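sequence and predicted structure are below.
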Amino acid sequence: MRKFKIPNIPPTESKSIRFPIDIIQQVEENITGTNCTFSAFVIEAVRIALENLKEEQNALDLENKEDRR
């Protein structure tokens with residue numbers, strides 16, 4: 001599993017999304033003093049979440065394959 005790192009600003013497309021206020025506050029606290037925008041932080045978090053889901057699915061697929069033997 002890859003470790004989360006605060007990213008630099010990647011190329012993005014504008015999307016509108018609502019966040020709970022407490023999550024907004026936590027993200028803003030974590031990016032204070034960095035060269036990272038709220039959007040860039042969220043994009044990196046989603047990338048990591050997608051990678052984790054893929055790794056979990058791959059592990060399940062491997063487990064199911066071994067169970068069939």
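The structure has been received and is ready for your questions.

for residue 33, which three-state class applies?
In terms of secondary structure, residue 33 is coil; the call rests on DSSP: H, G, I helix; E, B strand; the rest coil.

tell me how far it lies from residue 27.
Noted for residue 33: a distance of 13 Å to residue 27, by CB to CB, to the nearest Å. C-betas here are computed from N, CA, C, even on glycine.

how close does the spatially closest residue to residue 5 that is not a sequence neighbour get to residue 31?
Once its chain neighbours are removed from consideration, residue 5 has its nearest residue in residue 44; the separation is 7.3 Å (CB to CB, 6 or more residues apart in numbering). Relative to residue 31, residue 44 is positioned 11 Å away (CB to CB).

overlap of the contact sets of the two?
Taking CB atoms under 8 Å, 6 or more residues apart in numbering as the contact criterion, the residues that touch both residue 44 and residue 31 are residue 6.

enumerate every residue touching residue 27.
Going by CB under 8 Å, 6+ apart, residue 27 touches 19, 38, 41-42.

the same query, at a cut-off of 10 Å, please.
With contact set as CB atoms under 10 Å, 6 or more residues apart in numbering, residue 27 has these partners: 19, 36-39, 41-42, 45.

can you flag which of those residues belong to helices?
Among those, the residues falling in helices (DSSP state H) are 38-39, 41-42, 45.

returning to what we had before: pLDDT-wise, what's the bottom of the contacts of residue 27?
Least confident of these in the model: residue 39, at 87.

what is the neighbour count of the nearest residue to that residue once chain neighbours are set aside?
Computed as CB to CB, 6+ apart, the closest residue to residue 39 that is not its neighbour in sequence is residue 12, at 6.0 Å. Counted with other CB atoms under 10 Å, residues neighbouring residue 12 total 11.
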